[in-house]
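# Could you work out the structure for the sequence below:
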Amino acid sequence: MSPLPLISIRNGITRHPDHRMAEPVNLDIYPGEQIAILGPNGAGKTRLVEIITGRWPLLGDAITYNFGDEVLVSDNIKYLAFRDSYGDSSTTYYYQQRWNQHDIDDDMPRVDGKPIIALSSGELRKYQLRKALQSNPRLLILDAPFIGLDVHARKELRDTLSDLIQRTGLQVILVLSRPSDIPDFINRIIFVENKNLSSTSLPKHTQPSSFRPRLAVLPPTGGAGEGPGEGLGEGLPILRFSHVTIRYGSRTILNDLSWTVNQGEHWALSGDNGSGKSTLLSLVCADNPQAYACDIELFGHQRGSGESIWEIKRHIGYVSPEMHRAYQKDLPAIDIVASGLHDSVGLYVRPRPEQRETCLEWMRRFGIEDLADRTFLSLSSGEQRMCLLARAFVKSPDLLILDEPFHGLDDQRRLLATSIIEDYCKDPSRTLIIVSHYEEELPTCITHHLRL
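Numbers count the residues shown, from 1 in each chain. Take a look at the predicted model:
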C-alpha cells in the first residue's frame, strides 16, 4: 500500500485573490521526499510555500495534513526565510545594528559562550536551525538558505542538513533560484514559473547559458550634481586608506590596512564571513564614524576636513544585503529607483521629468520596466534586488560599490546584471568595487583584487 501524503492539496485556490497561483494548486508531498522548489525571480515560489504552510486560507477543504490528530500543523512545519547572512530574525538584526554602532554590552544573548553577533554566518545558521528544530517538526522549509554565506559556510550548512536528514528523518524543502545551489540530498524538484508548478526533472532552460545581453548605449546621467569627485583625472586616487585600524571593544576588525583605489580601476573585494568587508565598505561610504579617527582620503579630500557625507555619497552608487534588508519603504518601484538620485531611503524630492525618464530607462535595462508602478514590498526578493541595482546606477556614479549584488537572482538576471556592470565599466572614468562569495560571478572587467 502506498503511503499517505504528508501534505495533499487538491484544486487549491486562496480565498484572497492577491495570493493565488495562476492555476489551482494540485500537489502531494510524501514522507521521505527532500524537495527543491526552483524557479526564476517572481515565479511564485514563496507564494506556493505560503499555500503549503497554510498562511493563506484556501477555498473549501483543499489542503490535508497527515501529521496526526494531536499535533498542530504549526509544530510540524517550520519555515525560515533568509535575505542575508543574518537570516530573517529581527532580534539578530537588531543586535547586528547595535554592533555596527558599537553599542555592545553584557546583556547580549550568547550561544556556546559567544555573543550572538560574534558567531560566524555558518554558526548562526546552525543556531537558527537548532531553534527551529526544538519542536521536532516533520518538515523544515528554508527560503534562500545559502544567501550571504561564503563557500565554507555553504558546505557546512549542506552537511548539517544532510546529517539531520539521515539521523532524524527530517524532511526539508529548499526554495532556490539557481540550479547550482541544489544539494545532493534533494530527490525531487518542483519547478515554478509564471505562478504555475510542475514536478519535473530540471528544465533545460534553467541551466546556465551563454546569455550575454549587450547594451549599445547606457542611459544618461541622473544629475548627481557637483561635488568632491569633480575634476579628478583618470588614474588619480578615488580613495586612499593609510594604516587604518578599526576596533570594536577588544575585537579588531581591520588591522593596519593601507589601500588605494585609483579612478578607472575595478576591484573585487573578498574574504570569509566576518573578515571585515562590510566594515571596510562603511568607511568608503562615509557611514562609519570611526573614519574621522583614521587616515582616509575620499575623492581627493581628507575625511574630517569639512566635507559632508552627502557630498561624498552623491558620487557613489551602492547596493548591499544590509540596504536591501533595511529598505522597508512600500513605494512604487520607480520611486525606489529615483531615491538613488538623492541617496535617500524613500523619496522626498519629486524627480524632474527628465530624471524620471532616466529612472525608467535604467529599469528597462534591468528588465523591470513593467514593475515601475508596483509597490516595492509586493515584489519578490529578486525583483526588489533588481530595483536596488537600478537605484545604484541611476545617477551614473563615479564609484560603484556592489556588495553581493547578485543575492537571490536567478541565472538569467544575474547574467543580465553582469553584462550591465561590464558595459558600465567600459567608461575609463568609472570605478568599481564589487563583493561576491561566488568567484565565478565576478565580471570579466575586474582589474584588481583585495582579500581580507
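# For burial, what's the neighbour tally of residue 447?
12 (other Cβ atoms under 10 Å). For every residue, glycine as well, the C-beta is placed using N, CA and C.
# Kindly report the same for the one 5 residues further on.
Neighbours of residue 452 under the rule other Cβ under 10 Å: 17.
# Show the contacting residues for it.
254, 269, 270, 271, 275, 276, 277, 280 (Cβ atoms under 8 Å, 6 or more residues apart in numbering).
# and what of residue 405?
319, 385, 389, 392, 417, 421, 434, 436.
# Let's have those in TSV, adding neighbour count.
Shown next, in TSV, are those (neighbours: other Cβ atoms under 10 Å):
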residue	neighbour count
319	24
385	25
389	27
392	21
417	24
421	24
434	23
436	18
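# before we move on, the earlier item: quick check: ChimeraX command selecting the buried ones in the contacts of residue 452.
One line in ChimeraX is enough to select the buried members of these, burial here meaning 16 or more other Cβ atoms under 10 Å:
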select :254,269,270,275,276,277,280
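# now, which of the contacts of residue 452 sits nearest residue 263?
residue 269 (17.2 Å; Cβ to Cβ).
# so that closest one touches residue 280, yeah?
Yes. Using Cβ atoms under 8 Å, residue 269 is in contact with residue 280, at 7.1 Å.
# How many residues are close by residue 350?
With other Cβ under 10 Å as criterion, residue 350 counts 9.
# Checking my notes, it in a strand, right?
No. Going by DSSP: H, G, I helix; E, B strand; the rest coil, the assignment for residue 350 is coil, not a strand.
# measure it to residue 142 for me?
Using Cβ to Cβ, to the nearest Å, residue 350 is found at 41 Å from residue 142.
# same question, residue 133
Taking Cβ to Cβ as the measure, residue 133 falls 12 Å from residue 142.
# Have a look at these two and say which one is more surrounded.
Between residue 133 and residue 142, counted using other Cβ under 10 Å, the more crowded position is residue 142 (24 against 14).
# element containing that one, please.
For residue 142, the element it lies in under DSSP states H and E is strand 139-143.
# Please apply the same query to residue 125.
helix 121-132.
# ok and that helix relative to strand 139-143, angle-wise?
Relative orientation of helix 121-132 and strand 139-143, computed by axes from the mean of the first three to the mean of the last three Cα atoms, to 10 degrees: 140 degrees.
# Report all helices and strands that helix 121-132 contacts.
Counting by 3 or more Cβ pairs under 8 Å, 6 or more residues apart in numbering; DSSP states H and E, the packing neighbours recorded for helix 121-132 are strand 77-81, helix 151-168.
# C-alpha coordinates for that helix, PDB please?
The C-alpha coordinates for helix 121-132 follow below in PDB (Å, rounded to 0.1, in the frame of the first residue of the first chain):
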ATOM      1  CA  SER A 121      27.400  33.000   9.400                       C
ATOM      2  CA  GLY A 122      27.700  29.200   9.400                       C
ATOM      3  CA  GLU A 123      27.400  29.100  13.200                       C
ATOM      4  CA  LEU A 124      24.500  31.500  13.100                       C
ATOM      5  CA  ARG A 125      22.600  29.300  10.600                       C
ATOM      6  CA  LYS A 126      23.200  26.300  12.800                       C
ATOM      7  CA  TYR A 127      21.800  28.300  15.800                       C
ATOM      8  CA  GLN A 128      18.700  29.300  13.800                       C
ATOM      9  CA  LEU A 129      18.200  25.700  12.700                       C
ATOM     10  CA  ARG A 130      18.600  24.500  16.300                       C
ATOM     11  CA  LYS A 131      15.900  26.900  17.400                       C
ATOM     12  CA  ALA A 132      13.600  25.900  14.600                       C
END
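# May I have stretch 57-74 exported as PDB, CA atoms only?
C-alpha atoms of stretch 57-74 as PDB (Å, rounded to 0.1, in the frame of the first residue of the first chain):
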ATOM      1  CA  PRO A  57      -6.600  30.000   3.800                       C
ATOM      2  CA  LEU A  58      -7.900  28.100   0.800                       C
ATOM      3  CA  LEU A  59     -11.400  27.800  -0.500                       C
ATOM      4  CA  GLY A  60     -13.200  24.700   0.800                       C
ATOM      5  CA  ASP A  61     -11.100  21.800   2.200                       C
ATOM      6  CA  ALA A  62      -8.400  21.900  -0.400                       C
ATOM      7  CA  ILE A  63      -5.500  21.000   1.800                       C
ATOM      8  CA  THR A  64      -5.000  18.000   4.100                       C
ATOM      9  CA  TYR A  65      -2.200  17.500   6.600                       C
ATOM     10  CA  ASN A  66      -1.400  13.900   7.800                       C
ATOM     11  CA  PHE A  67       0.700  14.800  10.900                       C
ATOM     12  CA  GLY A  68      -1.600  13.100  13.400                       C
ATOM     13  CA  ASP A  69      -4.600  14.400  15.300                       C
ATOM     14  CA  GLU A  70      -2.900  15.700  18.400                       C
ATOM     15  CA  VAL A  71      -0.100  17.800  17.000                       C
ATOM     16  CA  LEU A  72      -0.600  21.300  15.500                       C
ATOM     17  CA  VAL A  73       0.300  21.900  11.900                       C
ATOM     18  CA  SER A  74       2.400  24.800  13.100                       C
END
